[in-house]
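[1] Here is a sequence with its predicted model. Questions after.
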Amino acid sequence: MEEYTKYEQARIIGARALQISMGAPFLVKLNDEDLKKMGYNPIEVAKLEFRQGLIPISVKRPLPGAIKRDSAAKPFDQTKLE
């Protein structure tokens with residue numbers, strides 16, 4: 001499984017939270033009670049989607065020799081997110 005730096009995590013979650021705040025549909029099923037517990041916070045919804053590996057955002061990492069590698073967002077260990 002791909003490991004993300006805290007900066008990559010922040011970028012992925014932030015980009016997805018922006019999409020949600022602009023009206024993008026959720027990629028995870030949430031009822032009104034769950035949303036109320038989260039305080040209708042798009043960042044919390046994006047974190048939940050990130051933990052479940054549902055965010056369709058990739059990370060480009062420059063490697064030595066001008067090679068770039070794409071990494072798609074995958075499920076992540078929740079303990080490293082906090």
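    That came through fine. Source: prediction; values computed, not measured. Numbers count the residues shown, from 1 in each chain.

[2] From here on, just use CA atoms for contacts and neighbour counts.
    Will do.

[3] and the residue lying farthest from the centre of the chain, backbone torsions?
    Using C-alpha atoms, centre = their mean, the residue of the chain lying farthest from its centre is residue 65. It sits 28.7 Å away. Residue 65 adopts backbone torsions of phi 90, psi 20, taken as degrees, to the nearest 10.

[4] That one and residue 5, how far apart?
    21 Å (C-alpha to C-alpha, to the nearest Å).

[5] before we move on, what about residue 30?
    In terms of C-alpha to C-alpha, residue 30 sits 28 Å off from residue 5.

[6] And for residue 54?
    According to C-alpha to C-alpha, residue 54 stands 18 Å off from residue 5.

[7] Tell me how many other residues crowd residue 60.
    11 (other C-alpha atoms under 10 Å).

[8] Confirm that it sits in a helix.
    No. The assignment for residue 60, made by DSSP: H, G, I helix; E, B strand; the rest coil, is strand rather than a helix.

[9] partners of it in the sheet?
    residue 70 (DSSP bridges).

[10] Give the other helices and strands that the helix ranked longest in the chain contacts.
    If each helix of the chain is counted by residues according to DSSP state H, the longest one is helix 6-21. Packing partners of helix 6-21 (3 or more C-alpha pairs under 8 Å, 6 or more residues apart in numbering; DSSP states H and E): helix 42-51.
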